[in-house]
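J.: Kindly generate the corresponding structure for this input.
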Amino acid sequence: SSLLYLSQFPKMATKAKRVPFYKKRRTWYTLGVGLFFYPNFAQKTNFFYKETAFNQRVLKQCPSILLGYRSTYWLCWGTLQVIYNKFNKKLPYIHVDSEMYELEDGGEVRLDWIPVRAHVHLSEVNRREEDTPIVIVFGGVSATTEETYLRPLLLETQNRGFRTVHVHQRGLHGTKISVSGKSKETWADDFPEVIAHIKKKYPGAPLVAIGTSYGANHLARYAAKYSDTCPLEAMATVCNPYDIDKAVDHMRKPFQQWVISQRKRKLVEPSMDILEEWDKQGLVDLKTVLNTKSLKEFDAALGCKLR
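T.: Below is the predicted model of the structure:
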């Protein structure tokens, strides 16, 4: 038999021994890179706040806010984080109910609703299910719900008993940019209409918002511009690029340009029929849009023409 035959060659029949992790070259390479860069990326946190009784209680419960910041040693460089997010496909599963919402100007945004976990919130808070607090999430540039950095945030809010909705920018995930050929001045100008729609859908639910990266900048812009009518009870901005000029200069580096260019077609394809019509009307040059090689060229060929 085959087993009897293999028994004559014990070395061949035995599985190869696993090499201990400390003997692998890539382990020491990773540690070396981390130890070299890690001290250079420690940052002192500058925290500004009003010395109210409430803020003092928050700081007492969260003392880490005032400590220095150190990123994960093996992802201590922004480019490494981009590479990790690009190739890491091990994302936690989240059930999503998608809704396409049409804006007044004919554009569309996709709302990805993450449902409430009833056993979490009903056991702790005496309120109706439809009045569960809602966390509205605005992601980074061309971010979708499948993003590596967004999934843990969405899962965490769900586990803590919130109803969560991730708002995509117009033109992403199969949505149309606009019908008229002109978009709003900024993404933040879409927020009042989207948030009003959410409030109408769940009138008794308190609303809070979280913005990350590009979404954080526009969330802060929205709060400042529409402060008199803003229905949010609280908001948080994460990794906010306050200095847009510096952020854009960083995005123009070769590797970042390549990553962004990979997403260009995702933005263009859903609105191809509209873009072809605009091309006939002379609003945009579709050939130029499709042949752009950088973020600056793409914005000049399409983004600036829609404002």
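
J.: how far away is the residue nearest to Q257 when sequence neighbours are not counted from A300?
T.: Closest residue in space to Q257, ignoring its immediate chain neighbours: S294 at 5.3 Å, by Cβ to Cβ, 6 or more residues apart in numbering. C-beta coordinates here come from the backbone N, C-alpha and C atoms, glycine included. Counting by Cβ to Cβ, to the nearest Å, the gap from S294 to A300 is 9 Å.

J.: before we move on, what about L286?
T.: In this view, L286 and A300 are 14 Å apart by Cβ to Cβ.

J.: The two: which has the busier surroundings?
T.: Set L286 next to A300 and count neighbours by other Cβ atoms under 10 Å: L286 wins out with 18 against 14.

J.: give the contact list for the closest residue to the more buried one other than its chain neighbours.
T.: Nearest residue to L286 in three dimensions, chain neighbours excluded: D279, at 4.0 Å (Cβ to Cβ, 6+ apart). Neighbouring residues of D279 by Cβ atoms under 8 Å, 6 or more residues apart in numbering: D285, L286, K287.

J.: The residue nearest to Q257 contacts P254, correct?
T.: No - S294 lies out of contact with P254 (Cβ atoms under 8 Å); the separation is 9.6 Å.

J.: Have a look at the two and say which one is more surrounded.
T.: Neighbour totals were compared for S294 and P254, and S294 leads with 15 against 7 (other Cβ under 10 Å).

J.: in the stretch 101-250 of the chain, which spans are helices?
T.: 118-121, 151-159, 191-201, 214-225, 244-251 (DSSP state H, counting those that start in this stretch).

J.: closest one to N85 among the ones you listed?
T.: Closest approach to N85 among the helices of the stretch 101-250 of the chain (Cβ to Cβ): helix 151-159, 10.6 Å.

J.: packing partners for the closest one?
T.: With contacts taken as 3 or more Cβ pairs under 8 Å, 6 or more residues apart in numbering; DSSP states H and E, helix 151-159 sits against strand 108-114, strand 134-138, strand 163-167, strand 207-212.

J.: which outside residues touch that helix?
T.: Counting by Cβ under 8 Å, 6+ apart, 91-92, 94, 114-117, 120, 135, 137, 145, 164, 166, 210, 212 sit against helix 151-159.
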